[in-house]
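S.K.: sequence and predicted model, in that order:
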Protein chains: 2
Amino acid sequence: MPKNAFYAQSGGVTAVINATACGLIETARNHPDKIGKVYAGRNGIIGALTEDLIDTSQESDEAIAALRHTPAGAFGSCRFKLKGLDQSRAEYERLIEVFKAHDIGYFFYNGGGDSQDTSHKISQIGEKMGYPITCVGVPKTVDNDLPITDNCPGFGSVAKYVAVSIREASFDVASMAKTSTKIFVMEVMGRHAGWIAAAGGIAAEKEGDAPHLILFPEIVFDQEKFLAKVDNAVKKYGYCSIVVSEGVKNKEGKFLAEAGSRDAFGHAQLGGVAPVVAQLIKDSLGYKYHWAVADYLQRAARHIASKTDVDQAYALGKAAVELAIAGKNAVMPTIVRTSNNPYQWEIGSANLADVANVEKMMPMEYISEDGFGITEPCREYLQPLILGEDYPPYQNGLPQYVVLKNAGVPKKLSTTYELK
Amino acid sequence: MPKNAFYAQSGGVTAVINATACGLIETARNHPDKIGKVYAGRNGIIGALTEDLIDTSQESDEAIAALRHTPAGAFGSCRFKLKGLDQSRAEYERLIEVFKAHDIGYFFYNGGGDSQDTSHKISQIGEKMGYPITCVGVPKTVDNDLPITDNCPGFGSVAKYVAVSIREASFDVASMAKTSTKIFVMEVMGRHAGWIAAAGGIAAEKEGDAPHLILFPEIVFDQEKFLAKVDNAVKKYGYCSIVVSEGVKNKEGKFLAEAGSRDAFGHAQLGGVAPVVAQLIKDSLGYKYHWAVADYLQRAARHIASKTDVDQAYALGKAAVELAIAGKNAVMPTIVRTSNNPYQWEIGSANLADVANVEKMMPMEYISEDGFGITEPCREYLQPLILGEDYPPYQNGLPQYVVLKNAGVPKKLSTTYELK
C-alpha cells in the first residue's frame, strides 16, 4: 500500500496557490502506485496538529481541475509558525502521531519563507525522531522574497493586477485633470520589499506614461524631493500618478501610514499610506487628489491573473509530487529562468536548507537613481512574469470559482491537541 | 456641404464612455453626406468655449476602433456646468460664435444628469437665439441615475468590477479567517445612491455567500444593529465581508467617512469610510480586519468590463448620430429592457426636457427589509447588466489602450474666452 500524502497551504493566500494544489493533486492521482490519498490540512498546518484533515479523494476530477482557476486557499490557510525542534518538541511529536495514524509518508508545505523553514524542520524528523517522511516545500508568496527560485508563484499575478490597475486609473485621471483630480495615489502591498510597487512601473512604457512616481520601502521618504517631483509631473503632464508601497518609511524609520493618520479617538493607523501621501500633496501643493487601497483585491484577483504565473504555479505543484516520488527529501522545486527574450523557464530544485531563513530583497540596481522609478534591468526581470492572460470561466457575468466539499477524514486518535 | 458635428465628454469618465465615442464617430464616418467632420471638445465643453477643438478626422479607423476597448475619456472631460440662458447668456453666445466659425450643426453631449441639462439648454438655442443646431444628449454615468433609460452605460462595468472584486477578496478572507483576518470591508462609489453598492450583492448567490452585508447611502447607519449582524456573520460563517458605499451617513446626516477620521493635524476626511467601519468593528468586536478602497480603479476597469455595457455604450453612440441625421433635436437615446430572462434590450429615445434635472434613485424595494442586502427584484434588474466579458487586446502582458493624436483644429476666431 502506498503511503498517503499531507498537503497544506500556509500564510497569505494568492490568486494561484490553488493552481499549485491542482498540479499537486492531479499529479498524485496519476501515480496511485506511489501515493495513496492526498489529505489536506484544514486551515494549514493547524489541520495536522488538530487531526483535522480533508480527504481530497472525495473531490471530483472536475472540482480539482477548477482549482486551477480559483483564487485563495481552497483548504484554508493559517499564520502559524512551528518553533524549532529544541523549543517545541511536543508539536513535532504531535505531527508524527497524526502522520502515523493516517499513514502519511509525504509532506507538502505550500508557502513562503516561514513555511519553507517549517518544511525544513519537518524534513529532519525522519532522522532526528525516527519517523521517515519525504518532505517537499512548495513555493508561494506574493512578496517574491524566496531565494534561489527566479520568482515566486503568486507574485506575477499581483504584479499584473497592479500594472493594469495603475494604467487604467491613470487614463481616468488624465481625462479629468484639466478641471478636477490631478493626483492619483495607489497603495500596494509589500511591507518589507518593493517588488509589488516596482511592478506598477511596468505600466509606464515611454516618457510621460503613468505611473510617474513609485515610493519604495527600500528608499527613505524624502518629502521635499518627492513634492518637487510631483509638482514637476503635474506641470509637465497635467497630472501625477503615484504607486506607493505600504512599507514606505520616513527617516525616523516609521511607516508613513502610522506617522500620518489618527482616528477620532486619537488611535494611530486607521488609514493606509495612500491617504497620507495624498493629503500631504494637497496640503503642500494644493492639488485635488484621489487615492485607492487595493489590499486583498490585488492578491485575490484571479480574473486578471498572469498566465505565466498560473502555469508556473501548476508546474511547481506537479514538480513537488515528482520530486517526492523520486525520493527527494528536504527540497523545494524552483523556477529557473533560461531566457529573457523570448522568456523561457524550466523547473529546478533547491535544498530547503538553503531556502530556510533567507529573504531575497529587491536588488538596489532595480530602483532608478532618483529613487522614484524602476530601471531597465528591473523591467527585464518583471515583464515576463505578467505575460499572458488566463481567464476563469464565467456564468451570469461572474467568475465561477470552486468551493470544495472539504469532507473531513475520520479521526483515528483519541488524543486532542491544544494550539498554543 | 454637410455640417460638422461637435462631441464632448462630460463629468466623471467610465470604462466605456470611449465605446460610445467609437460608436458615434464610426457612424458619423458612415454618413459623410450628412455629417462633415466630428470635432471633439478638448476637455469637454471647455473645449467649445475656448475654441479648443480636436479634429477626429485625423485619427485612423484603427485608432477610432480601439476606443471601443479603451477606458476613460480620450478627448478629456471636465466638471463644468453651464448656467441657464438667463443667468449666463454670454456662455451661449460664445458657443454660437464657435459653432458658427466651425460650421457646426450637430451637438452631442456625452454625460450624466448635469450634462443632459446642458444638452437641453443648448437644444433651445436654435429657437431662442436663432442658431439652428441639432442637439442630442448621450447618456453616461457610473451612478446609474438618469431617468427613462433602463440603465446608464458605465454602470454595468463598475457593477461587474465590484461584484467580481468582492467575490475574490472574500474567497481570500475565508481562507485566512481561522487564524487571521475575519473582516473585510470594501468601499465603493455612489455618494447619493446605492446602485454600485447593491451590485456587490450580486456576488452572493446562495446562503452564506459573501458579501454578507451592504451599507447603502439610502439607509441611515445603525451602529448597534450593524455590529450585531457582523458578529453573527463571523460566528456563522467564520468571517464577514462587507461592501460599503462612500455615501453612507449616520443619523445626524453626516457622512461616516467624515465623522470618523482626523489626520495628524486634526483635518477631517483624510481617509474613506472603509477604514472607519473596519476600525469600529475592531474596537467593538475585536476582530482583525482588512479594507480596500477601489476608487478610480472601479470605474476605469476596462479589463473586466461588462460586454453588455460595452455593447450598449457603443449602440448609444451610434443611435445618437442616427437620431441627429433623422433631424431629431433635444433627444437622448435610451436603453429599453424588453425582457429579463433571457435579457433583451433595444434602443429607444427620450426628450431631453424629460431627462434634465430628474435623478433616478434606487427603489427602496431593492433593499432587503433588514437594510443590509439586496432583494430578488434588485438582482433581476442588476444581473443582466454585468453579463458577458469583453476583454481588451494585450501586449507584453498589458492591455493596449489607445492614446489618440488629438490634433487641434486651427482656430478661426480672434476672440478668446475666459472661463469663469
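M.R.: Received, thanks. These figures come from a predicted structure and were not determined experimentally.
S.K.: test my guess that residue A:10 contacts residue A:113.
M.R.: No: assessed by CB atoms under 8 Å, residue A:10 is found out of contact with residue A:113, at 10.3 Å. Placement of C-beta: from N, CA and C, glycine included.
S.K.: and these two? which has more neighbours close in?
M.R.: Remark: of residue A:10 and residue A:113, residue A:10 carries more neighbours, 30 against 21, as counted by other CB atoms under 10 Å in any protein chain shown.
S.K.: and the more buried one, what does it touch?
M.R.: A:44-45, A:77-78, A:80, A:109-112, A:114-115, A:118, A:140 (CB atoms under 8 Å, 6 or more residues apart in numbering or on different chains).
S.K.: in strands, which of those appear?
M.R.: Using DSSP state E, the subset of the contacts of residue A:10 located in strands is A:109-111.
S.K.: top of these by neighbour count?
M.R.: residue A:110 (34 neighbours).
S.K.: residue A:141 is in contact with that one, correct?
M.R.: No: counting by CB under 8 Å, residue A:110 does not reach residue A:141; the two are 10.0 Å apart.
S.K.: could the ones in strands among the contacts of residue A:10 be laid out in a markdown table, adding pLDDT?
M.R.: As requested, the ones in strands among the contacts of residue A:10 are exported to a markdown table (pLDDT from 0 to 100):
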| residue | pLDDT |
| --- | --- |
| A:109 | 97 |
| A:110 | 98 |
| A:111 | 96 |
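S.K.: CSV for those residues, including distance to chain B?
M.R.: Output for the ones in strands among the contacts of residue A:10, formatted as CSV (distance: CB to the nearest CB, whole Å):
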residue, distance to chain B
A:109, 16
A:110, 12
A:111, 12
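S.K.: can you pull out the strands in the stretch 251-400 of chain A?
M.R.: A:261-263, A:289-293, A:331-340, A:343-351, A:394-395, A:398-399 (DSSP state E, counting those that start in this stretch).
S.K.: whoops, I mixed them up, the stretch 51-200 of chain A
M.R.: A:53-55, A:104-111, A:134-139, A:183-188.
S.K.: adding distance to residue B:230, write these out as CSV.
M.R.: Putting those into CSV (distance: least, CB to CB, whole Å) gives the following:
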stretch, distance to residue B:230
strand A:53-55, 28
strand A:104-111, 29
strand A:134-139, 35
strand A:183-188, 24
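S.K.: lowest average confidence, helix or strand, in chain A?
M.R.: Confidence across the helices and strands of chain A bottoms out at strand A:261-263, with a mean of 47, counting by mean pLDDT, DSSP states H and E.
S.K.: which residues of the stretch 201-350 of chain A score low on pLDDT?
M.R.: A:259-271 (pLDDT under 70).
S.K.: repeat the analysis, applying 50 as the threshold.
M.R.: Within the stretch 201-350 of chain A, the segments meeting pLDDT under 50 span A:261-270.
S.K.: contacting residues for residue A:110?
M.R.: Contacts of residue A:110 by CB under 8 Å, 6+ apart are A:7-10, A:17, A:20-21, A:24, A:138-140, A:317.
S.K.: how deep is the nearest residue to it once chain neighbours are set aside tucked in, by neighbour count?
M.R.: Spatial nearest neighbour of residue A:110, excluding adjacent residues (CB to CB, 6 or more residues apart in numbering or on different chains): residue A:138 at 4.2 Å. Neighbours of residue A:138 under the rule other CB under 10 Å: 30.
S.K.: please name the residues that touch residue A:138.
M.R.: Counting by CB under 8 Å, 6+ apart, the residues that residue A:138 touches are A:20, A:24, A:108-111, A:316-317, A:320, A:332-333.
S.K.: how much space between it and residue A:149?
M.R.: 11 Å (CB to CB, to the nearest Å).
S.K.: which residues are in contact with both of those two?
M.R.: residue A:332.
S.K.: center of chain A - which residue?
M.R.: Central residue of chain A (CA atoms, centre = their mean): residue A:142, 2.1 Å from the mean position.
S.K.: so that residue touches residue A:299, yeah?
M.R.: Yes: if you go by CB under 8 Å, residue A:142 and residue A:299 touch, sitting 4.9 Å apart.
S.K.: just to revisit the earlier point, among the contacts of residue A:10, name the buried ones.
M.R.: A:44-45, A:77-78, A:80, A:109-112, A:114-115, A:118, A:140 (16 or more other CB atoms under 10 Å in any protein chain shown).
S.K.: and for chain A, the residue most distant from the center?
M.R.: Ranked by distance from the centre of chain A (CA atoms, centre = their mean), the top residue is residue A:179, with 38.9 Å.
S.K.: list the contacts for that one?
M.R.: B:43-44, B:46, B:78-80.
S.K.: give me the nearest residue to residue A:131, chain neighbours excluded.
M.R.: Using CB to CB, 6+ apart, the nearest residue to residue A:131 is residue A:96, at 4.5 Å.
S.K.: so what pLDDT did that neighbour get?
M.R.: With respect to pLDDT, residue A:96 has a value of 95.
S.K.: and it, what does it touch?
M.R.: Going by CB under 8 Å, 6+ apart, the list of residues near residue A:96 reads A:125, A:129, A:131.
S.K.: and with 10 Å instead?
M.R.: A:104, A:122, A:125-126, A:129-131, A:133 (CB atoms under 10 Å, 6 or more residues apart in numbering or on different chains).
S.K.: what distance do you get for it to residue A:130?
M.R.: Going from residue A:96 to residue A:130 by CB to CB gives 9 Å.
S.K.: can you give the domain ranges for chain A?
M.R.: Chain A breaks down into these domains under automatic domain parsing: A:4-141+A:302-356+A:389-399, A:155-299.
S.K.: just the CA coordinates of stretch A:275-292, formatted as PDB?
M.R.: Output of stretch A:275-292 as PDB, limited to C-alpha atoms (Å, rounded to 0.1, in the frame of the first residue of the first chain):
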ATOM      1  CA  PRO A 275      -4.400  58.900   2.000                       C
ATOM      2  CA  VAL A 276      -1.400  60.200   4.000                       C
ATOM      3  CA  VAL A 277       0.600  60.800   0.800                       C
ATOM      4  CA  ALA A 278      -2.400  62.300  -1.000                       C
ATOM      5  CA  GLN A 279      -3.200  64.700   1.800                       C
ATOM      6  CA  LEU A 280       0.400  65.700   2.100                       C
ATOM      7  CA  ILE A 281       0.300  66.700  -1.600                       C
ATOM      8  CA  LYS A 282      -2.900  68.600  -1.100                       C
ATOM      9  CA  ASP A 283      -1.600  70.500   1.900                       C
ATOM     10  CA  SER A 284       1.700  71.400   0.200                       C
ATOM     11  CA  LEU A 285       0.800  71.900  -3.400                       C
ATOM     12  CA  GLY A 286      -3.000  72.300  -3.300                       C
ATOM     13  CA  TYR A 287      -3.800  69.700  -6.000                       C
ATOM     14  CA  LYS A 288      -7.100  67.800  -5.800                       C
ATOM     15  CA  TYR A 289      -6.500  64.000  -5.300                       C
ATOM     16  CA  HIS A 290      -8.000  60.600  -5.400                       C
ATOM     17  CA  TRP A 291      -6.500  57.500  -3.800                       C
ATOM     18  CA  ALA A 292      -7.100  53.800  -3.800                       C
END
